[in-house]
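1. fold the following, please.
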Amino acid sequence: MAIMPPSRTLLRRFPALIVVATLALPGGCGGDESPDNAVEAQEQNVAELGGVRYRAVLFRQLNVRGAPDDALWEGGTPHSDRGLYAVFLRACAAGREPVRTSERIHLEDAFGQRFAPRAADTADTFEYSVTPLAPGECSPEAGSAADRTFDGAALVFSVPFASVQERPMILEIADPTGGGAARIQLDL
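-> Got it, this is the predicted structure:
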C-alpha cells in the first residue's frame, strides 16, 4: 500500500496537527530506547564488567541430533514448542589483577522474560563455568575443546519458539562484585 502525500487542502487547514504528528513519530517507532533496555554491546563485540571482557562469540539454535551439537548437549530433547539455543561466550581478564567470571547470567527475550542456562544438561567439556582468571588469561582456555570446537564456552537455554520470534534477545551478565550488569544484544 502506497502512502500518499497530504493534499494541499489538508496542509492549509491543519498545519499544527501535522507538525504534532510529525514530532510524535520517532518516539512511537521506538526511536528512543529507555536506559533499562540499553545494551552495552552487540554479538561479537566486547562488554567489560568487573574487570572481565565478555564477548558473545555466537548465538544460535542447537541441533542436538547432529555433530558437533550432539557432543554439547547431554539432556533430553525439548518440548515441541521449545528450542535449545546456545550462547558461546569468551571471557578474558581485562586488567592487572586476578578476577572471577560471573555466575549470574541469563537470557532475556524482547518482553523481559528471563531464561536461566541449563548447565546440568550441558557437557562439562564445553560448558561455561565460573572461573578465576589471572591477568591476561581467558576462558575457555586456548586449545581447549570449547575453544577449538565453538570458539567459546557454551551457555545453553531452553526457550519457547514464540520468544525467539521477537527480537532482540539479550544476554545479561551481572557483575559478581555488585557493580551492575552488562547487556549484550544477540543476533539469531
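
2. which strand runs longest in this structure?
-> strand 82-93 (DSSP state E).

3. then that strand to CSV, C-alphas only?
-> Presented in CSV, the C-alpha positions along strand 82-93 are these (Å, rounded to 0.1, in the frame of the first residue of the first chain):
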residue,chain,number,x,y,z
ARG,A,82,10.7,-25.0,22.7
GLY,A,83,14.2,-25.0,21.2
LEU,A,84,17.7,-25.2,22.6
TYR,A,85,19.7,-22.1,22.0
ALA,A,86,23.4,-21.6,22.9
VAL,A,87,25.5,-18.5,23.5
PHE,A,88,29.1,-19.2,23.1
LEU,A,89,30.9,-16.9,25.4
ARG,A,90,34.6,-15.9,25.8
ALA,A,91,35.7,-14.1,29.0
CYS,A,92,39.1,-12.5,29.4
ALA,A,93,40.8,-10.7,32.4
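
4. can you pull out the strands in the protein?
-> 41-42, 46-49, 52-61, 82-93, 99-100, 105-108, 114-115, 132-133, 138-139, 153-160, 169-174, 181-186.

5. would you list the phi and psi of P176?
-> Dihedral angles of P176 (phi, psi; degrees, to the nearest 10) stand at phi -60, psi -20.

6. so who does it touch?
-> Applying Cβ atoms under 8 Å, 6 or more residues apart in numbering, we find P176 in contact with G50, R100, T101, S102, E103, R104, V130. Heads up, the C-betas are built off the backbone N, CA and C, glycines and all.
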